[in-house]
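Enquirer: here is a sequence together with a model predicted from it:
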Amino acid sequence: MSTVLLACDPSISLSPRRGLVTDQNATPRLLPVKPVIQQQIGIESIPVLGRAEEGATCYLSETMNKYEKRQQIIAYVAPHVSLFATKFALVFGTRHGVRKFSEEILALYRQGYFTGLIISGGATGQGEESEASILYRVLLSYGVPERVMLIEDKAMNTGQNVTFTREKTRDLGITDLLLIGKVCSKRYIMTVRKQWPEVRKICCHGVNYFSYSTEQWWKDREFRTRVISEYKKIPRYIEQGFISDVSIVNGIVL
């Protein structure tokens, strides 16, 4: 399969010849997504750090206008990454946007981007069903075969998603991996690079289940909160040694 350049903004709808297509027919029962509240972001509250380079720390200049700052921030936390076919995909579990996640995972599977699916995510509350089990159940209802899925249902954070999955699949000799998670996807790549050194080739697909595209991320309250949180987390997590910085050039993770 040839490499397809796909933004980690999966709101882009593509035909079979051009890439990802989602299945519009499946209708499983799902938890509702939180209602959207529109509000403009206070860009002035974001720290100004300097000049930006692709794949490096995100810097904002005093000379940038609000639009330029917004584009710089989203490009940093949700960079464009090229997809390529891998044997395994790792899904970072979620309780939000499960329908959107399931549609896009199914589409990726049908188009041959992976043959085995690892779903990682524990129970985030006492007595709750694990995130992995929720996605597993819904994906079954969408038509993803049971035989291709493997569940890791203990992880409570992104680091554990990676380290627990690495341990569970040690005998599989995984060296390339498709990552599937929420739209602000760079930290997934950075975590795998730090915590799973055997994986040499990484690509990712970010699921945008919000009501606005990445070009207008600041208009959705939940989307805005996630973007700014990721923007602030990444430098801190690098400093603490949880993740490694990565360069992404022309959609390729180096």
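Expert: Received, thanks.
Enquirer: show me the strands in the chain, by range?
Expert: Secondary structure of the chain by DSSP state E: the strands cover 4-6, 81-83, 88-92, 116-120, 149-152, 176-182, 201-207, 248-249, 252-253.
Enquirer: mean neighbour count added to the ones you listed, as TSV?
Expert: In short, each C-beta sits where N, CA and C put it, glycine included. Output for the strands of the chain, formatted as TSV (neighbours: other Cβ atoms under 10 Å):
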stretch	mean neighbour count
strand 4-6	17
strand 81-83	21
strand 88-92	26
strand 116-120	24
strand 149-152	20
strand 176-182	23
strand 201-207	23
strand 248-249	14
strand 252-253	18
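Enquirer: out of those, which is closest to residue 70?
Expert: Counting by Cβ to Cβ, residue 70 lies closest to strand 201-207 out of these; the figure is 17.0 Å.
Enquirer: show me what the closest one is packed up against.
Expert: Contact partners of strand 201-207 among helices and strands, from 3 or more Cβ pairs under 8 Å, 6 or more residues apart in numbering; DSSP states H and E: strand 81-83, helix 98-110, strand 176-182, helix 186-195, strand 252-253.
Enquirer: any chance of TSV for the ones you listed, columns mean pLDDT and distance to residue 170?
Expert: Shown next, in TSV, are the helices and strands packed on strand 201-207 (pLDDT from 0 to 100; distance: least, Cβ to Cβ, whole Å):
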stretch	mean pLDDT	distance to residue 170
strand 81-83	97	25
helix 98-110	98	24
strand 176-182	98	14
helix 186-195	98	13
strand 252-253	96	22
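Enquirer: what's the closest of the strands of the chain to residue 129?
Expert: Closest of those to residue 129 is strand 149-152, at 11.5 Å (criterion: Cβ to Cβ).
Enquirer: among the strands of the chain, which is nearest residue 215?
Expert: Comparing the strands of the chain by Cβ to Cβ, strand 201-207 comes nearest, at 13.9 Å.
Enquirer: then that closest one to CSV, C-alphas only?
Expert: Only the C-alpha atoms of strand 201-207 are listed here, as CSV (Å, rounded to 0.1, in the frame of the first residue of the first chain):
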residue,chain,number,x,y,z
LYS,A,201,8.3,3.1,12.7
ILE,A,202,5.3,5.0,14.0
CYS,A,203,2.3,6.6,12.3
CYS,A,204,-0.9,7.9,13.9
HIS,A,205,-4.5,8.7,13.3
GLY,A,206,-6.2,11.3,15.5
VAL,A,207,-10.0,11.1,15.9
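Enquirer: what residues does that strand touch?
Expert: Contacting residues not belonging to strand 201-207 are listed as 6, 8-10, 20, 78, 81-84, 86, 97, 100-101, 104, 108, 113, 175-185, 188-189, 192-193, 253 [Cβ atoms under 8 Å, 6 or more residues apart in numbering].
Enquirer: adjacent strands (with direction) for it?
Expert: Next to strand 201-207 in the sheet, as set by DSSP bridges, lie strand 176-182 (parallel).
Enquirer: let me know the angle separating the partner strand from strand 88-92.
Expert: On the basis of axes from the mean of the first three to the mean of the last three Cα atoms, to 10 degrees, strand 176-182 is oriented at 20 degrees to strand 88-92.
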